[in-house]
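J.: here is the input, now give the coordinates:
(chains A and B)
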Amino acid sequence: MKNLFASFAFATALVASGGAGAQDFPSKPIEISVWASAGGGTDGTNRLLAQAMQEELGMRINVVNRTGGGGGVAMSHVWNQPHDGYSWLGASEGMQLVKAMEYFDKGTSDWRWYMIIGGTPGVISVPQDSPYQTLEDLLQAARDEPGSVTVGHCPLGCVWHMRALALGLATDADFTYVPYDGTAPAHVAALSREVDAVVSGVGEQAEYLRAGTLRPLAMIEHDDYVLDDLDPIPAAGKEYPGIDDIPASMWLGMAIPKDTDPAIVAIIDEAFEVAVQSEAIKAFADERRMIVSGMYGEEAEARLQIMESALAAKLYELSMIDKSPEELGIPSVE
Amino acid sequence: MFQSFLSQIIELATPLNLGVLVGSTFIGIVFGVLPGLTATLAVALLSTLTFGLNVELALMAIIAVYVGAIYAPSHSSILLGIPGSAAGAATAIDGYPLAKKGLGGQAIATSTIASVIGTIFGLLALVAVSPLLVSLALNVTSVEFFLIALFGVLICGSLTSPDLPIKGWIAGVIGLLIAAIGIEPILGYQRFTFGNPALAGGIEIVPVILGGFALPQIFRVLRNEHLKESVVTRIGNLMPNWRALWQAKFGVLRSGFLGVGIGAIPGVGEDIAAWASYDVARKFDRDPDSFGTGNINGVINPETANNAAIGGSIIPVLTLGVPGSPAAAVLLGALNIHGIRPGPMLPHEFPNFIPQVAAMLFWSSLSILVLGLAMARLSVQVLRLPSSVLMPIVAFLAVVGSYSLGLNMFNIYMMFLFGVGVYLMEELGYPVTPVVIGLILGSMADVSLRRGLLAANGSLEPFYTRPIALILIALIVISLSFQSKFIRKVLSGFAKDKAA
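T.: Next comes the predicted model:
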């Protein structure tokens, strides 16, 4: 029944029935269930990857958006399909919070991850006419009167929330963190002076920075950043190396259940290696000032496991989650 | 800007463009008419399908489907009493009684003209005053969002039950409670989720609309099958009611402004525009009590406003990169796919882009005029089907519509739950509309208030120091005093009836 509805509503949906062995993989269309809604970065990269991968695999790849539950809906859908390589998860850094937030009980160690985009630099900015000229001005104000400086960011637990938190903890500045429904509304909140500063990706802010309506104070990174012909943006990490205590970083890509048949995994690995180098993905990343990664398998898992463990530990420490990482079954940080 | 807009109208008129335009408008109207297939879904589908086309053609298709899908829910609202989407729900209140009186054809034709006027209103705003509206949008902070939501919730009080006025409020509170379900976004606390991950994201509006409007209607029609009283059989002629339109000219103007203004505020969309203009029209009408029983102004005003909101909601998409409504959010995604980065630099880097979008809106409005009137005959034919055939089809579409949203089975369960719940409520004399309004505005009111207080470090100062907040507070006070008068009038209604 499920499939009947799907094919009715979406001409692109597929009938996922009948099994097939590894030797003729893929013998039917593959479906990527993207956890985020259409139009965003996770959706966009997965659509580009699907185009590039279907050339490599010689089989149609459909992208559908299964939104809701902080990613739990898409994850449980993919997990409940046969682990035969025909059902992929369109993933992003949000997946490293799913287990800690108890949206779904299969975390980083249960999946095989494929990273298309491996991050974008974060920046803290203020509106054009803000009294704060440098990062120090802003930090001083926050230290003088704890909680008086407000910092806007994307929804609770998102990567820029984590980076803003990292900056506050590393600099000993007590900010008030104000979550918005997305990065774009957070920018508008800064423009309308509702918040004193905003933290987001430099690519997402680029149009405002170029127009001069937002003024960058510092990169929440270790290296200065040059945006087109603007003055270089200084890196906060030089003075405050503690910004890495919360190792959250943005990434976009996909995942399959880890216990998929190794022969099928090998075919997907091979196709991914080629597909991730596609011109369209490179252009997409360049335009948004993101970095193409291409990391997958054990290497990707190791990196993402550090993130999941550190985030869970930090969130527990800050009482943002109820259960400790041990109770949740998340390995502790090395 | 205006000159460039006029030249864009001519430049865009190539046979290919117009062919795509008509085809996309058709798809949009089909999506709009069918309950549960929303404008957001239509725009999302077309932005995937037009992935490979050039920017101009793709954008033309997306805008046409958007306009068509916002316009068309009025068909099913009027003829079946089941809104095709949230944006058309306000139209059902008076449109359906009109159809029952045998004036369905006239109501559809009139709503088409109102939608065309609304769309043109929106595009003129886009061309003429978009910088002004951007500064308006930038003056709307969380405090104002809260007040707007509160203002909207007050509409519940005017959508009352004939036997007990307070039933409107009770239904509204139920909606507000439903809106509280899910992970609240300020502290991440799970409210009323009972550990169920499917509830964590909150209750989606589409299954509630489908369950709340479609299922009870289906139950009623099938229950009264032998009586035939709730089924529209006569639709009258398909000529617009020009006289009513002319008499409502100031109302149309007001709804146009409301639609553009509400659309331009990021995050508030066509549905709220329609409700707000319905409420305002009712308050300004010489005979407010006739609303809900088939007053053509109850069709004209929301239909003007929801289409005017399209132009309005495109303004923040293009100039701030912030969508004004869910459908506009998908439009933003589509622009991103095509390498257009909306934002403050857009008018400088591509000075022709905004006039071009306005010209596309212009052609789309002509397209709904022609196709809308032509397809009204088709909609009417569908209604000639016996209700024992038609109603199960509507039920099927309601299931499909709920599922197609996020491809989530849970939404189907929700739809059935709400369908049965609302049916029982309506049997007890509670109106369903306030539930929907409460759900749409509840989380906005909740989150905006807390976010506003968080950003102001707990101070109430922004409420009385910000000019727009003060205006909104004044509007709320005025609106409340209007309402208490209304309630008094209803309470003393019996005495008056006897006197007359």
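J.: got the contact list for A:Val149?
T.: A:Val149 is in contact with A:Leu138, A:Ala141, A:Ala142, A:Ala173, A:Phe175, A:Thr176, A:Asp196, A:Ala197, counting by CB atoms under 8 Å, 6 or more residues apart in numbering or on different chains. Glycine gets a C-beta too; all of them are placed from N, C-alpha and C.
J.: rerun at 6 Å
T.: A:Ala141, A:Ala142, A:Phe175, A:Asp196 (CB atoms under 6 Å, 6 or more residues apart in numbering or on different chains).
J.: which strand or helix spans the nearest residue to it once chain neighbours are set aside?
T.: Distances taken as CB to CB, 6 or more residues apart in numbering or on different chains put A:Ala142 closest to A:Val149, at 4.1 Å, once the chain neighbours are dropped. For A:Ala142, the host element (DSSP states H and E) is helix A:135-144.
J.: continuing past that helix, what's the next helix or strand?
T.: Using DSSP H and E, the helix or strand that directly follows helix A:135-144 along the chain is strand A:150-153.
J.: mind checking how far that next one is from the chain centre?
T.: 19 Å (CA atoms, centre = their mean, to the nearest Å).
J.: pLDDT averaged over that strand - what is it?
T.: Strand A:150-153 shows a mean pLDDT of 95.
J.: so B:Ser135 belongs to a strand, correct?
T.: No - read with DSSP: H, G, I helix; E, B strand; the rest coil, B:Ser135 is helix and lies in no strand.
J.: that one: what's it in contact with?
T.: So B:Ser135 contacts nothing (CB under 6 Å, 6+ apart).
J.: same check, this time on the one 10 residues further on
T.: By CB under 6 Å, 6+ apart, the residues touching B:Phe145 are B:Ser448.
J.: quick check: residues of the stretch 101-250 of chain A near chain B?
T.: Within the stretch 101-250 of chain A, the positions near chain B by CB under 6 Å from any CB of the partner chain are A:103, A:150, A:155-156, A:178-179, A:184, A:188, A:191-192, A:194-195, A:207, A:210-211, A:213.
J.: let me know how buried whichever residue of chain B sits closest to chain A is, in neighbour terms.
T.: Residue of chain B nearest chain A, by CB to the nearest CB: B:Gly333 (1.4 Å). B:Gly333: 22 surrounding residues under other CB atoms under 10 Å in any protein chain shown.
J.: cool, A:Asp24 as well?
T.: Neighbours of A:Asp24 (other CB under 10 Å): 8.
J.: pretty sure it is in a strand, no?
T.: No - the assignment for A:Asp24, made by three-state DSSP, is coil rather than a strand.
J.: can you pull the phi/psi pair for it?
T.: Here is the backbone geometry of A:Asp24 (degrees, to the nearest 10): phi -110, psi 20.
J.: poorly predicted segments of the stretch 1-150 of chain A, please.
T.: A:1-22, A:38-40 (pLDDT under 70).
J.: gap between the helix holding A:Ala142 and the chain center?
T.: Centre to centre, stretch against its chain (CA atoms, centre = their mean), the figure for helix A:135-144 is 29 Å.
J.: what residues of that helix count as buried?
T.: Neighbour-count burial for helix A:135-144, with 16 or more other CB atoms under 10 Å in any protein chain shown as criterion, is recorded at A:Leu135, A:Leu138, A:Leu139, A:Ala141, A:Ala142.
J.: dump those residues into a markdown table; add distance to A:Gln51 as well.
T.: Supplementary listing: the buried residues of helix A:135-144 in a markdown table, determined by distance: CB to CB, whole Å:
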| residue | distance to A:Gln51 |
| --- | --- |
| A:Leu135 | 41 |
| A:Leu138 | 43 |
| A:Leu139 | 45 |
| A:Ala141 | 48 |
| A:Ala142 | 46 |
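J.: and of these, the nearest to B:Gly105?
T.: Nearest to B:Gly105, judged by CB to CB, of these is A:Leu138 at 63.4 Å.
J.: tell me the SS of the residue lying closest to the closest one once chain neighbours are set aside?
T.: In space, A:Leu138 comes closest to A:Tyr132 once its chain neighbours are excluded; the distance is 4.4 Å by CB to CB, 6+ apart. State at A:Tyr132, reduced to three classes by three-state DSSP: coil.
J.: burial check on A:Tyr132, number of neighbours?
T.: Counted with other CB under 10 Å, the neighbours of A:Tyr132 add up to 19.
J.: max pairwise distance over the contacts of A:Val149: which two?
T.: Checking the contacts of A:Val149 with CB to CB, the most distant pair is A:Ala141 and A:Phe175, at 9.9 Å.
J.: ok, the contacts of A:Val149 vs chain B, which is closest?
T.: Closest approach to chain B among the contacts of A:Val149 (CB to the nearest CB): A:Asp196, at 8.8 Å.
J.: what helices or strands is the strand or helix carrying B:Ile440 leaning on?
T.: Using DSSP H and E, B:Ile440 falls within helix B:433-455. Secondary-structure packing of helix B:433-455 (3 or more CB pairs under 6 Å, 6 or more residues apart in numbering or on different chains; DSSP states H and E): helix B:142-153, helix B:166-179.
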